[in-house]
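sequence? don't have it. structure:
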C-alpha cells in the first residue's frame, strides 16, 4: 500500500539479488511496527521497529535458527534488559548498553545453574561480583577485566568463610587470612 507516494501497511523489501530483506510493517515509507529483517549474513531479527531501526522488544537468530538474543533494543542497538545465549548454551540475563553486556547481570550454565553474577562492563566482569566454582565454593568480591582482583572472600559451599584477603589477577596475593 502507498499513501502519498510512501509505503504504508504490510510490505516486503528485497536485496538486489532478489533475496528477502524485510517483511513487516511500514509507516510513511519507513520500517515501523512489527517486522522481520534478514541480515546479509543470514542472521535475522524479529520484533519491533521505529524509524527504520530495531526498537522495542526483539529477538536475534543466527542463520542456523539458534536464538542469540531476546530483549530490548533502542534505535538498532541492544539496550535495556535482555538475554544473550552463547554458542555453548550458557546464557547471560541482565542489562545491555550500546550493543554490549553492561550493568548488572548473571551468567547461567546451559543446565540453568548460576555461574556468576555482578557488574559487567563491555561483556566482562568489572566492579563487584560473585563466582561459583565447580565444587560449589564461591568467591564474592572485586573484579577487574573479568578476573578476581582486589578485595575478596572465598566461601565454602555451605557458606562458611574459607579465605578473606587480596587477589591479583585471580591469585591470592598480598594480605589475606585462610580459615580452616
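Received the coordinates, thanks. Because the structure is predicted, anything quoted here is derived from the model rather than measured.

For the protein, give me the ranges with low pLDDT.
Along the chain, the model assigns pLDDT under 70 to residues 180.

change it to 80
The chain contains residues with pLDDT under 80 at 1-3, 170, 173-176, 179-180.

Find the residue at the geometric middle of the protein.
Nearest residue to the geometric centre of the chain (Cα atoms, centre = their mean): residue 84, 3.9 Å.

Quick one: classify the residue nearest to residue 105 when sequence neighbours are not counted as helix, strand or coil.
In space, residue 105 comes closest to residue 94 once its chain neighbours are excluded; the distance is 2.1 Å by Cβ to Cβ, 6 or more residues apart in numbering. Every C-beta, even on glycine, is put in place using the N, C-alpha and C of the backbone. Classification of residue 94 using DSSP: H, G, I helix; E, B strand; the rest coil returns strand.

Who does residue 94 form a beta bridge with?
residue 82, residue 105 (DSSP bridges).

distance of it from residue 31?
Going from residue 94 to residue 31 by Cβ to Cβ, to the nearest Å gives 28 Å.

go on, residue 46?
12 Å.

Just want to know which of these two has more residues nearby.
residue 31 (23 against 18; other Cβ atoms under 10 Å).

need the contact list for the more buried one.
Applying Cβ atoms under 8 Å, 6 or more residues apart in numbering, we find residue 31 in contact with 22, 24, 25, 37, 49, 52, 53.
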